[in-house]
Every structure is written in C-alpha cells, then in structure tokens.
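In: below is the sequence, then the predicted model.
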Amino acid sequence: MNPFVIAIDGPAASGKGTMARRIAQAYGFVHLDTGLTYRAVAKALLAEGLPLDDEALAGEYAEKVDLAALDRETLSTHTVGEAASKVAVMPAVRRALVEKQREFAQTPPGAVLDGRDIGTVVCPEAQVKLYVTASAEIRAARRTDEIVANGGTADSAAILEDIRRRDERDMGRTDSPLMPAIDAHLLDTSEMDIEAAFQAAKAYIDEALAKRNGG
Ligand code: C5P
C-alpha cells in the first residue's frame, strides 16, 4: 500500500506546524516542516554573505539541502524567515526542494508535510488535505503572546505588519502561491483552540483512513 500522506497548508503563524506535529505523533507518521527547507537555503546564503536574488546560485544551495540535518532552532529566526520568503519565489529553488519533499512523502507508513503548496503542488495526491488559517490579527496576537511567554518583548503592531507582508509575498507569487487546494478541508482556527482544531483534523483523517482500509 502507498504511504498515507497528510498535506497541511496555511499562512505564517496559523498554527499549522503545531497541528502537523501533533498529527504525526498521534498516527506514528514522519513529519516535515517544509518551511525549514526554504529557511535552510536562506540561512546558508546569509551565512556566506551571498545575494538572496541570484536564482542560479540559490538553486544550487537548494540542491545541497539535507532534510535530515534541518535544525529548527537555528532556522527559526525572524531574519531567516524573511529571507526564506524571498528565496521561495524562485522556481529553481522550489524545483530542487519540492523533489526532496516528494521523496520524503514516500516514507512508510505515512507522512505529514506542512507548508504553503503541499496540497496543490508537492503532494496533490495526498489522502488528506487541510488548510489551516486564522485572521492576520489573531495570528499576530498569538505570535506576540508566544514571544512574551518565552520571556521576550514584542511589538505587536510590527508583528502584524510583518505577517501581512509575508502573506502578500506568499499569496502573490507566480510560482506555487499559497492557496487552498480545491479538495482541502478548511480549518479556520480564529475561534478555535489547538485542541478543537486537532479534533476537527482527526475526524477528517480517521474518515480517510477508514475509507482506504475499505471501511
Ligand atoms: O513556514 P515558514 O515561516 O517556516 O516558511 C518560511 C517561508 O518559506 C514562507 O514565508 C514561504 O515563503 C516559504 N515556504 C514556501 N513553501 C512552503 C513552505 C514555506 O514557499 N511549502
């Protein structure tokens, strides 16, 4: 039987990452946060003081990304995230990373991938597609709370501005713009906590698993 693939897409700070990790753990599937792959390219270029808009160069760096060596901690900075959304507009970068992501999706017994184009481009055949979203204001408020809870200080207006700019770049690019696949289940978490969102996702996944197992 082919591996069971769960595709989770959504904008920055929508909660899709937390959702993806929880689902992977609950079902014993492997998980890939594809944002980290774009971040890895950006970080490598920044570390060497190289330009972020040289497509041939960025494509070469994308080919060198090792999925087994992605370090969430060092890739999670704001600067790397901003740079990642710039390198992510380049088709050569996307081509190289998508190939690696598709290979990962073949891991038995199943894989959860989260990002912006999983249900539309990377794994259009995924058995379950979720599109997790929330209003920009709510996403900004959650990110602000998270920073404060970790002992940091946050400028909530700047964070909202940032989220809007990132949405615009991710939704407005020509190659693989962020959008829900036509067969994606929409999960608007603006009024939902993580537990409720997880339960809603679980219902869709259980239904698809039962169907595949002939139930
Ligand atoms: O999700 P995260 O914030 O880590 O992603 C960083 C950037 O990488 C995003 O803003 C987006 O531009 C890009 N990305 C993408 N396609 C994906 C995952 C992330 O273009 N599948």
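Out: That came in fine, so what should we check first?
In: what parts of the chain come near the ligand?
Out: 12, 34-35, 38-39, 81, 84-85, 88, 115-117, 166, 170 (C-beta under 6 Å from any ligand atom). Glycine gets a C-beta too; all of them are placed from N, C-alpha and C.
In: with respect to P3, which of those is nearest?
Out: T34 (16.3 Å; C-beta to C-beta).
In: who touches the closest one in this structure?
Out: T34 is in contact with L97, Q101, L113, D114, G115, R116, I118, V122, counting by C-beta atoms under 8 Å, 6 or more residues apart in numbering.
In: tell me which two in these are the farthest apart.
Out: Comparing every pair within these by C-beta to C-beta identifies L97 and D114 as the most remote, at 13.8 Å.
In: more crowded one of the two?
Out: D114 (27 against 24; other C-beta atoms under 10 Å).
In: and the top helix by length along the chain, what does it pack onto?
Out: Looking across the chain with DSSP state H, the single longest helix is helix 194-212. With contacts taken as 3 or more C-beta pairs under 8 Å, 6 or more residues apart in numbering; DSSP states H and E, helix 194-212 sits against strand 4-9, helix 16-27, strand 128-133, strand 185-188.
In: which one of the ones you listed is the most hemmed in?
Out: Ranked by mean neighbour count, the helices and strands packed on helix 194-212 are led by strand 4-9 with a mean of 26 (mean count of other C-beta atoms under 10 Å).
In: strands paired with that strand, and their directions?
Out: With DSSP bridges as the test, strand 4-9 is paired with strand 110-115 (parallel), strand 128-133 (parallel).
In: pLDDT score assigned to the residue most central in space within the chain?
Out: Centroid-nearest residue in the chain: G115, 2.1 Å away (criterion: C-alpha atoms, centre = their mean). For G115, the pLDDT comes out at 97.
In: show the average pLDDT along the longest helix of the chain.
Out: The model assigns helix 194-212 a mean pLDDT of 94.
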